[in-house]
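coords below, sequence missing:
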């Protein structure tokens, strides 16, 4: 009996060792595939392929099912490798490029550009042009510059200029208090803006635009209520009738 237990134990140990060996091979192949993809020299996929799970499995020549089962945290490993590779890129060139990008963002926001038109919109391509670098370099190496671009886009393009926003709010309130019919164009005209500025209000001043729409809805509801009251009054008058006898015919007449 003991010999049988010993035999089973030996077989289990050998099986565990085989499984550990396979697990080690899977991880090793996957990590080597990650390295080749990041260095731009893969052997089984295209050179410019992205570093994603599917491509790693293809490059490592492992089925997606096996890779997921044996190396569940592979994408966490990818993130660590990416961070390490990015930290090594902090060179004098990267520091200079970062400063040039941030300066370019500031100039575009303030309409004081050197290279591109002052009317140019703020985006990564235009920042790269103004900074004199390739836009792909910003995407690959300067994540903080990308964050600053997104931040400034939110502040300058979504919410617009604060002084203009305040003028539009005051204009809307004046129209409401005076009882005038309100439209977006009316608000722009009251604020002494260009008549075509209503397009900018829709895109860049969502708070004012939404407030104006709310007023428009309220005015329409009030107009409908007045119409209902007028109709009810008319129906009430129509309901008051008298019977007038006649030698030839009988008919209703309205008072």
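On my side now, so go ahead. On a predicted model such as this, the values are computed, not experimentally measured, just so you know.

Just the residues contacting whichever strand or helix holds residue 139, thanks.
Here residue 139 sits within helix 135-141, counting by DSSP states H and E. Residues outside helix 135-141 that contact it (Cβ atoms under 8 Å, 6 or more residues apart in numbering): 86, 89, 94, 97, 101, 124, 125, 127, 128, 129, 145, 146. C-betas here are computed from N, CA, C, even on glycine.

in that helix, what's buried?
135, 137, 138, 141 (16 or more other Cβ atoms under 10 Å).

out of those, which one sits closest to residue 78?
Relative to residue 78, the closest of the buried residues of helix 135-141 is residue 141; by Cβ to Cβ it sits at 17.7 Å.

Quick one, grab the pLDDT at that closest one.
The per-residue pLDDT reported for residue 141 equals 80.

just to revisit the earlier point, most neighbours among the contacts of helix 135-141, which one?
With neighbours taken as other Cβ atoms under 10 Å, the top of the contacts of helix 135-141 is residue 127, carrying 28 neighbours.

still on that earlier bit, how far off centre is the helix holding residue 139?
Here the centre of mass of C-alpha atoms in helix 135-141, compared against the chain's by Cα atoms, centre = their mean, to the nearest Å, lies 20 Å away.

Could you list the low-pLDDT ranges of the stretch 1-150 of the chain?
1-24, 80-93 (pLDDT under 70).

Quick one: the helices in it, in order.
With DSSP state H, counting those that start in this stretch applied, the stretch 1-150 of the chain shows helices at 2-38, 53-60, 64-70, 74-87, 92-109, 124-131, 135-141, 143-153, listed in chain order.

Which of those helices sits closest to residue 185?
Across the helices of the stretch 1-150 of the chain, closest to residue 185 is helix 143-153 (Cβ to Cβ), at 26.4 Å.

ok, and for that closest one, which residues are buried?
145, 148, 149, 152, 153.

downstream neighbour of that helix in the secondary structure list?
Moving toward the C-terminus from helix 143-153, the next element (DSSP H and E) is helix 162-178.

distance between the next helix-or-strand element following that following helix and the chain's centre?
Helices and strands here follow DSSP H and E; after helix 162-178, the next one along the chain is helix 184-190. For helix 184-190, the gap between its own C-alpha mean and the chain's C-alpha mean amounts to 29 Å (Cα atoms, centre = their mean).
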